[in-house]
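K.L.:
what's the 3D shape of this:
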Amino acid sequence: MIDSAATTRALEPLRAALISRAHTEADRIRMAAEEDGRQVLAAAREEADALLASARVQGRADAVALLEVQTARARRAARGVVLAAQQAAYDRMCGQAREAVRALLDEPGCRSRLEAVIRDQLGSQAVVRDLPDGGVLAESPDGRSIDASVAALVERAVAGLHPERLWTAG
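P.N.:
This next block holds a predicted model:
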């Protein structure tokens, strides 16, 4: 019969060597895993830093683009306000000019001077008719005509002013 205590004692150096080798291997695996972990962590930090830097650059670019869009919108809106104000001022000016022309045509002698100028241009045979707005319309026998309505007189006068110059300095 085999003595189990003697067998155990005989195998004790082998067992101790195997346990020592297992501890050594476990230490080597643990150190390799720790080194791998440090490398993975360093690579992850580098990647995170690169992503953060890229995100910052992209964020700045996005902010610049957004600012450009908002600035363009604001300029268009401001231009719309300016154009509306200019149109309102122009309309007011034309309205005041129509009132002034009506008042002039109501003055004695002014209407007759206008008719004389028209007859000079169309001939003495021209038919001159009063218009509801206070002006006149003249037609010659050969089909030529002159619109001297208040609106037409003001339109011709304002066109000669070059209205775009009203909005520029100097």
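
K.L.:
ok, Ala6 to Arg98 distance?
P.N.:
To Arg98, Ala6 is 133 Å away according to Cβ to Cβ, to the nearest Å. Quick note: C-beta positions are derived from backbone N, CA and C, even for glycine.

K.L.:
which other helices and strands contact the biggest helix by length in the chain?
P.N.:
As assigned by DSSP state H, the longest helix anywhere in the chain is helix 4-106. Applying 3 or more Cβ pairs under 8 Å, 6 or more residues apart in numbering; DSSP states H and E, we find helix 4-106 packed against helix 110-122, helix 150-159.

K.L.:
to Ala89, which of the ones you listed lies closest?
P.N.:
Counting by Cβ to Cβ, Ala89 lies closest to helix 150-159 out of the helices and strands packed on helix 4-106; the figure is 12.1 Å.

K.L.:
still on that earlier bit, quick one, which of Ala6 and Arg98 is more surrounded?
P.N.:
Arg98 (19 against 9; other Cβ atoms under 10 Å).

K.L.:
look up phi and psi at Ile146.
P.N.:
phi -130, psi 120 (degrees, to the nearest 10).

K.L.:
that one reaches Gln121, doesn't it?
P.N.:
Yes. Proximity of Ile146 to Gln121 meets the contact threshold set by Cβ atoms under 8 Å, at 6.4 Å.

K.L.:
so which of those two has more stuff around it?
P.N.:
Legend: neighbour count by other Cβ under 10 Å for Ile146 and Gln121, higher for Ile146 (19 against 11).

K.L.:
check the gap between that one and Leu104 for me.
P.N.:
In terms of Cβ to Cβ, Ile146 sits 17 Å off from Leu104.

K.L.:
for Ala84, same thing?
P.N.:
From Ala84 to Leu104 the distance is 30 Å (Cβ to Cβ).
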